[in-house]
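J.: all I have is the shape, not the residue letters:
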Ligand SMILES: C[S@@+](CC[C@H](N)C(=O)[O-])C[C@H]1O[C@@H](n2cnc3c(N)ncnc32)[C@H](O)[C@@H]1O
């Protein structure tokens, strides 16, 4: 597989149609300056998420895994002024950087960052009757992806779009004997998708910042 060609094409699409403006470029710079790892979606993937959010007419979005707010900004820009995006992040320091970036993007009235373990925040959202969400983006730690998916279903309605990033892991999902818990986490998630009759799902192959990967696209029936 010629990964460099994939990366070049991803950059070509991102440059052509990505709309990565000064705010988004500034977000990436702020992350670098703060020592936050560059494990965000690419510009092309951010645009893809935004297109999906518009396609499903999302008014209420849930994101699991904020990092520095890069994908948050792409998604929140699909919302109208009465929309809402709740994003979950474990690290207070990352959330602080994300908050500043979201303020710079003028999106703070729409975006609520909840700091803590996603599993706890998801239980709180459910207890507080925050669902249903129109779109849910899963992009946090990989071992509990199946549990995040189960929570996402609880917080969904028929028609909700669930997207999960990094579900191919450079093709390592093909290896049944892989001892990397991130790989076994997404293998378990992919199997749960396949077995779940409540959803229609597929996976598209993608190129992330470093690796050949995939995004699961799931619609709740
Ligand atoms: C891949 S990054 C998210 C990238 C972001 N969505 C973007 O594209 O700009 C994963 C994020 O999930 C966070 N995370 C990891 N484990 C978590 C947990 N248990 N609960 C909440 N967030 C977690 C990490 O701190 C990190 O910021």
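T.: In hand now; what should we look at? All values derive from a computational prediction rather than experimental measurement.

J.: buried residues in the strand or helix carrying residue 25, which are they?
T.: Using DSSP states H and E, residue 25 sits in helix 22-33. For helix 22-33, a neighbour-count test (16 or more other C-beta atoms under 10 Å) marks 23, 24, 27, 28, 30, 31 as buried. Heads up, the C-betas are built off the backbone N, CA and C, glycines and all.

J.: packing partners for that helix?
T.: When contacts are defined as 3 or more C-beta pairs under 8 Å, 6 or more residues apart in numbering; DSSP states H and E, helix 22-33 sits against helix 70-76, helix 92-104.

J.: which stretch among these is buried most, on average?
T.: Of those, the one with the most neighbours on average (mean count of other C-beta atoms under 10 Å) is helix 70-76, at a mean of 27.

J.: dump the residue contacts of residue 214.
T.: Counting by C-beta atoms under 8 Å, 6 or more residues apart in numbering, residue 214 touches 166, 167, 168, 203, 204, 205, 206.

J.: so for residue 15, what's the pLDDT?
T.: The score at residue 15 is 87. That number is its pLDDT.

J.: returning to what we had before: next structured bit after the helix holding residue 25?
T.: Note on helix 22-33: by DSSP H and E, the next helix or strand toward the C-terminus is helix 43-55.

J.: do that following helix and the ligand meet?
T.: No - for a cut-off given as C-beta under 6 Å from any ligand atom, helix 43-55 has no contacts with the ligand; the smallest distance is 7.3 Å.

J.: okay, buried residues for that helix please.
T.: Here helix 43-55 shows 43, 44, 45, 46, 47, 48, 49, 50, 52, 53 as buried, counting by 16+ other C-beta under 10 Å.

J.: neighbouring contacts of that helix?
T.: Contacts of helix 43-55 (C-beta under 8 Å, 6+ apart): 10-11, 13-15, 17-20, 24, 40-41, 61, 70-71, 73-75, 77-79, 135, 137, 161, 163, 165, 206, 208, 215, 217.

J.: out of those, which touch the ligand?
T.: Answer for the contacts of helix 43-55 near the ligand (C-beta under 6 Å from any ligand atom): 40, 41, 70, 71.

J.: mind putting those residues into CSV with pLDDT and distance to residue 131?
T.: Formatted as CSV, these follow (pLDDT from 0 to 100; distance: C-beta to C-beta, whole Å):
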residue, pLDDT, distance to residue 131
40, 96, 26
41, 94, 24
70, 98, 25
71, 98, 20
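
J.: for the residue in the chain sticking out farthest from the centre, which three-state class applies?
T.: Distance from the C-alpha centroid of the chain peaks at residue 177, with 27.0 Å (C-alpha atoms, centre = their mean). Put simply, residue 177 is coil when judged by DSSP: H, G, I helix; E, B strand; the rest coil.

J.: again with residue 85
T.: Once three-state DSSP is applied, residue 85 turns out strand.

J.: which residues does it bridge with?
T.: Under DSSP bridges, the beta-bridge partners of residue 85 are residue 61, residue 111.

J.: residue 100 versus that one, what's the distance?
T.: Distance of residue 85 to residue 100, given as C-beta to C-beta, to the nearest Å: 16 Å.

J.: returning to what we had before: need the buried residues of helix 43-55 in CSV (columns: distance to residue 193 and pLDDT).
T.: Formatted as CSV, the buried residues of helix 43-55 follow (distance: C-beta to C-beta, whole Å; pLDDT from 0 to 100):
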residue, distance to residue 193, pLDDT
43, 27, 90
44, 23, 89
45, 19, 92
46, 23, 94
47, 24, 94
48, 19, 95
49, 18, 97
50, 23, 98
52, 17, 98
53, 20, 98
